[in-house]
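Peer 1: Just to be clear, the model below is a prediction. Sequence and coordinates:
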Amino acid sequence: SASAAEARIGDNEGSMGSVTVTGSPIADKGGLVHWSTGSTAIGFSGDGNLFVAGATVASQTSSIGVNEGSFGGADISAIDGGDNTVIQGTWETGELTIGNAGRGVLDIDDSVVDTAGAVYIGREATGVGVATLTGMNQLSEWTISDVVFVGDAGEGTLNIRESNGLTITRDLAIAFDEDSVGLVELHRQVQEPFDGSFLSVEGLLSVGFDGEGTLIVNGVLTSSTTDVPAGVGTGFVTIDGPSSFWTASGDITLGTPVFDGDTNELIGSTGIGTLTLRSGATVDLEGSNSLIGYLNSTIQGNGSVVNAGLDLNDVIIAPGVDLGDEKQDGSGRTLEIGNALSMNGGRIEASVEGTDPGEFDQLIINGDAALTGVTIVLNFNEDFMPQVGDEFPVVMVSGSLTSENLSTEINGLPGGFEFQLMESNGMIMLMTSQVPQAQEGEGESEGQPEPGGCPAAAGSSAPGNHGLADVTILGLVLLVMFSVRGIGSTWNTPLRSKR
């Protein structure tokens, strides 16, 4: 073994340095530390590399890629121990910076890193840091007992691959400062047996604090309270795959609310958050926690949000959006809410490609729903023209449904269509009641826009082309009929009912 008060690998500008620490193929006994330092700088002003293979290295503080223009790399890997065993490399360190002002890379391959201090990946504005956990034996493990910044003021990336895991006992901030960029991605194990990579955050998780933060989970994420974002930045969270889960023991908040200082009333929001579910992924809020959303934030995709009440203010809900080939077999068209939904303002957007189940998007609420001032949006595919009597139940509620001041927006159709907005038996649907005269009696294959017609732009409104509304009460069904008189019309006829 060896020790040093300070180690600089690649000290001066233009210099190159390398240190290799290799363990024995016979498992060490008694926790032998092969190399220890007070502080370790890998790529101080030059280029430096540290290779640890089946050995143990200990540092009080460590920095990889210290000064601007430098490069530092640390590779912690395992060696073959014989008899189908491996001997892991181990790095024990205090505060760790990967990409301080230069470029820093940390690779953990079937090995262990134990960090007793804070971790900065992309610390200063010029810093670029990348940390990766990998290993086909699924033995990599990284435990951090202090806060973690992925993109503190610079650019940071954290990859967790091949079913390995990271545990953070305090906070994780992705893209902390303004102009910072942070990405955390969990990759699915593709070999059998399948097991997702995992990330556990025991403190506050913020995806996009004042910068642009992205979290992609193809595996298992556990967290407590989560803000997407926490400040004025933008945050994107994607839970991807049928075996991918996000379990939260605290509230999840999309967007950053702004309250009146005197009345404490909500007056707007700053940051914008987006939650995307793909391929039947699940978000599970334990206990009595909630998913709370604010102005212009979005919940979209195909999957389930369970055991949670949703309290949304001017939020967009878009079931089945941007799922590509999954829409072809109808498997990616539903977004399911497993508890109550309260929605004030905002939009429910559904794409329509046909009338059969799986050809249009649906929001399914397995609980009570209260919708106030919400716009129901249908975006018709250019290859599909609805016929008289076609129905599109885009919202389905298993509990009680209360609605007030709903409005409707139709995109992608020429003028001349009339629809009925209907609410009955826990469903909100639109039914085609009239088609353009030239289309009457023609099949879908003939149902193309007349010459000169063009799809309406989302949210557009043609001047002078106002919708006309007739209200008819039929038993317990409330029907509102809209007549589109021009291309690009936006319909905003109030609907008020309660069941």
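Peer 2: Perfect, thanks for sending it.
Peer 1: switch to C-alpha atoms for all contacts and neighbour counts from now on
Peer 2: Fine.
Peer 1: Test my guess that Gly72 contacts Phe51.
Peer 2: No - counting by CA atoms under 8 Å, no contact exists between Gly72 and Phe51, whose distance comes to 11.2 Å.
Peer 1: Compare those two and say which one has the larger neighbour count.
Peer 2: Each of Gly72 and Phe51 has its neighbours counted (other CA atoms under 10 Å); Gly72 has more, 33 against 18.
Peer 1: The more buried one belongs to a strand?
Peer 2: Yes - assignment of Gly72 by DSSP: H, G, I helix; E, B strand; the rest coil places it within a strand.
Peer 1: any idea how far it is from Gly416?
Peer 2: Per CA to CA, to the nearest Å, Gly72 is found 65 Å from Gly416.
Peer 1: Same question for Gly73.
Peer 2: Going from Gly73 to Gly416 by CA to CA gives 65 Å.
Peer 1: which residues are contacting the strand or helix carrying Ala131?
Peer 2: For Ala131, the host element (DSSP states H and E) is strand 128-134. For strand 128-134, contacts defined as CA atoms under 8 Å, 6 or more residues apart in numbering pick out 98-110, 121-123, 140-142, 151, 154-165.
Peer 1: neighbouring strands for the helix or strand following that strand, and are they parallel or not?
Peer 2: The C-terminal neighbour of strand 128-134 among helices and strands, as given by DSSP H and E, is strand 141-144. Note on strand 141-144: by DSSP bridges, its sheet partners are strand 112-115 (parallel), strand 165-168 (parallel).
Peer 1: Lowest average confidence across those, which one?
Peer 2: When these are compared by mean pLDDT, strand 165-168 comes last with a mean of 92.
Peer 1: can you tell me which residues contact the spatially closest residue to Ala2 that is not a sequence neighbour?
Peer 2: Using CA to CA, 6 or more residues apart in numbering and skipping residues adjacent in sequence, the residue nearest Ala2 is Trp35, 4.8 Å away. By CA under 8 Å, 6+ apart, Trp35 lies in contact with Ser1, Ala2, Ser3, Val21, Thr56, Val57, Ala58.
Peer 1: Checking the third one next. Helix, strand or coil?
Peer 2: What that stands for is Ser3. Applying three-state DSSP: Ser3 is strand.
Peer 1: Show the contacting residues for the residue lying closest to it once chain neighbours are set aside.
Peer 2: Nearest non-adjacent residue to Ser3, counting by CA to CA, 6+ apart: Ser36, 4.6 Å away. Contact analysis of Ser36 by CA under 8 Å, 6+ apart lists Ala2, Ser3, Ala4, Val57, Ala58, Ser59.
Peer 1: and the helix or strand where Ser36 lies, which strands flank it?
Peer 2: Using DSSP H and E, Ser36 maps to strand 35-42. Strand 35-42 pairs in its sheet with strand 2-9 (parallel), strand 56-64 (parallel), by DSSP bridges.
Peer 1: CA-only coordinates of that strand, as CSV, when you get a sec.
Peer 2: Extracted in CSV, the C-alpha atoms of strand 35-42 (Å, rounded to 0.1, in the frame of the first residue of the first chain):
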residue,chain,number,x,y,z
TRP,A,35,-3.6,3.8,-1.9
SER,A,36,-4.7,6.7,0.3
THR,A,37,-4.4,10.4,-0.1
GLY,A,38,-5.5,13.6,1.7
SER,A,39,-6.7,15.2,-1.5
THR,A,40,-6.7,13.8,-5.1
ALA,A,41,-6.8,16.0,-8.2
ILE,A,42,-7.1,14.0,-11.5
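Peer 1: Mind listing what's buried along it?
Peer 2: Of all the residues in strand 35-42, those buried under the rule 16 or more other CA atoms under 10 Å are Trp35, Ser36, Thr37, Gly38, Ser39, Thr40, Ala41, Ile42.
Peer 1: Give me the buried stretch members for the helix or strand just after that strand, please.
Peer 2: As assigned by DSSP H and E, the chain's next helix or strand after strand 35-42 is strand 47-53. Buried residues in strand 47-53, counted by 16+ other CA under 10 Å: Asp47, Gly48, Asn49, Leu50, Phe51, Val52, Ala53.
Peer 1: All good on my end, thank you.
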